[in-house]
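> Sequence unavailable; structure follows:
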Ligand code: SF4
C-alpha cells in the first residue's frame, strides 16, 4: 500500500519537483507513471475513466491495486458504456465509484446549452471528487487534438490543487488497441460501430472513415472539450 508523503495542503510546494518528474518520466511506462504518483500521494488519488475504453483503468489498477476509479455518470451515458464499466468491474474486481451530478432531475439542458450541461453534469461532480484528493489520473492523450498536444505526463493542476497524472499521454491509437488485445480487456461495442470517441449519447455521433476521431463530439458546435481538462 503506498504511503502518502505529499498532501493537498502541501502539493503546490512541489511544483519544481513535478516539473522535473514530467521530464524524467516522459518515456516511462504508464504503470510506472501511476506508481510514481501513488508513491507521493498514496491512496489520496483517483482515476477518472469515461469508459470509452478501459485501458487507463486497467493500467492504474494493475500498478496500484485498490486505487479508486471514478466514473461520472452524467445520466446521458450510452448503455454500452454502462455495460463496459460493470463488465470491467466484475472481471477485474476493481474499486469502481460511480459519481452522479448534484442536480439529478433530467432537464434536457443539452438541447439548449451544452456548456452549462457539461458544467453541471461533468465539471462540478469532478471538482467535488477532486476537492477531497491530492492526485488525479486521467486518460488524456496528446493525439486527442491540438489542445492536448503538449500534455505532460505529470503536472500541477493549480485550479484544483492536485497532482495531475496523464500516464497515456504518449500512447497512440495502435498502442491502445494492442494493450486492449494483449490484456483481453472488454471493449466498448460502440468502438466497432464508428464511434472512436465516446461521450454522452446526445452529444456523440459516429464519424466517417478518415474523419477526425473527435469530430462526432458536439458535432456542428464550436465546442470541443467538456471542460474537465481546461
Ligand atoms: S456531453 Fe452533452 S449530455 Fe453530456 S454533460 Fe455535456 S452537454 Fe450534457
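Okay, I see it. As the structure is a prediction and not an experimental result, all values here were calculated from the model.

> C-alpha from now on. contacts and neighbour counts both.
OK.

> And the strands in the chain, which stretches?
45-48, 68-72, 95-99, 135-137, 154-157, 162-165 (DSSP state E).

> shouldn't residue 117 be in contact with residue 110?
Yes - with contact defined as Cα atoms under 8 Å, residue 117 counts as touching residue 110 (5.5 Å).

> Show me where the protein dips below the pLDDT cut-off.
By pLDDT under 70, the low-scoring segments of the chain are 1-3, 103-104, 230.

> Identify, by residue count, the longest helix of it.
Taking DSSP state H as the criterion, the chain has its longest helix at helix 79-92.

> Spatially nearest residue to residue 171, not counting backbone neighbours?
residue 141 (6.6 Å; Cα to Cα, 6 or more residues apart in numbering).

> Burial check on the one you found, number of neighbours?
Neighbourhood size, residue 141 [other Cα atoms under 10 Å]: 21.

> can you start the count at 20 instead of 1 from here on
OK, 20 is where the count begins now, so the last one is residue 160.

> quick one: contacts for it?
Counting by Cα atoms under 8 Å, 6 or more residues apart in numbering, residue 160 makes contact with 167-168, 170, 185, 187-190.

> out of those residues, which one sits closest to residue 108?
Distance to residue 108 across the contacts of residue 160 (Cα to Cα) is lowest for residue 187, with 20.5 Å.

> Touching, the closest one and residue 158? I think so.
Yes - using Cα under 8 Å, residue 187 makes contact with residue 158 at a distance of 6.0 Å.

> Any figure for the gap between the nearest residue to residue 68 once chain neighbours are set aside and residue 145?
The spatially closest residue to residue 68, leaving aside those adjacent along the chain, is residue 90, at 5.5 Å (Cα to Cα, 6+ apart). Distance, residue 90 to residue 145, by Cα to Cα, to the nearest Å: 10 Å.

> This protein against the ligand: which residues are in contact?
Applying Cα under 6 Å from any ligand atom, we find that the chain lies next to the ligand at 93, 95, 129, 133, 136-137, 140-141, 218-219, 221-222, 245.

> redo that, cut-off 8 Å
93-96, 128-130, 132-141, 218-223, 236-237, 245 (Cα under 8 Å from any ligand atom).

> Mind checking which of those are buried?
93, 96, 129, 133, 136-141, 218-219, 222-223, 236-237, 245 (16 or more other Cα atoms under 10 Å).

> Take the strands of the chain and write them to TSV, including mean neighbour count.
Compiled in TSV, the strands of the chain are given as follows (neighbours: other Cα atoms under 10 Å):
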stretch	mean neighbour count
strand 64-67	24
strand 87-91	21
strand 114-118	15
strand 154-156	27
strand 173-176	21
strand 181-184	27
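
> To residue 241, which of those lies closest?
Taking the strands of the chain one by one with Cα to Cα, strand 87-91 is closest: 23.4 Å.

> who touches that closest one?
Outside strand 87-91, the residues that touch it by Cα under 8 Å, 6+ apart are 62, 64-70, 76, 113-120, 141, 144-145.

> Note down every partner strand of it and its orientation.
Take DSSP bridges as the rule and strand 87-91 pairs in its sheet with strand 64-67 (parallel), strand 114-118 (parallel).

> okay, those in CSV with distance to residue 206 next?
Formatted as CSV, these follow (distance: least, Cα to Cα, whole Å):
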stretch, distance to residue 206
strand 64-67, 17
strand 114-118, 17
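
> just to revisit the earlier point, for PyMOL, write a command that selects the buried ones of the contacts of residue 160.
Selection of buried members from the contacts of residue 160 for PyMOL, criterion 16+ other Cα under 10 Å:
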select buried, resi 170+185+187+188+189+190
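
> Can you mark which positions in the longest helix of the chain are buried?
By neighbour count on 16+ other Cα under 10 Å, the buried set for helix 98-111 is 100-104, 107-108.
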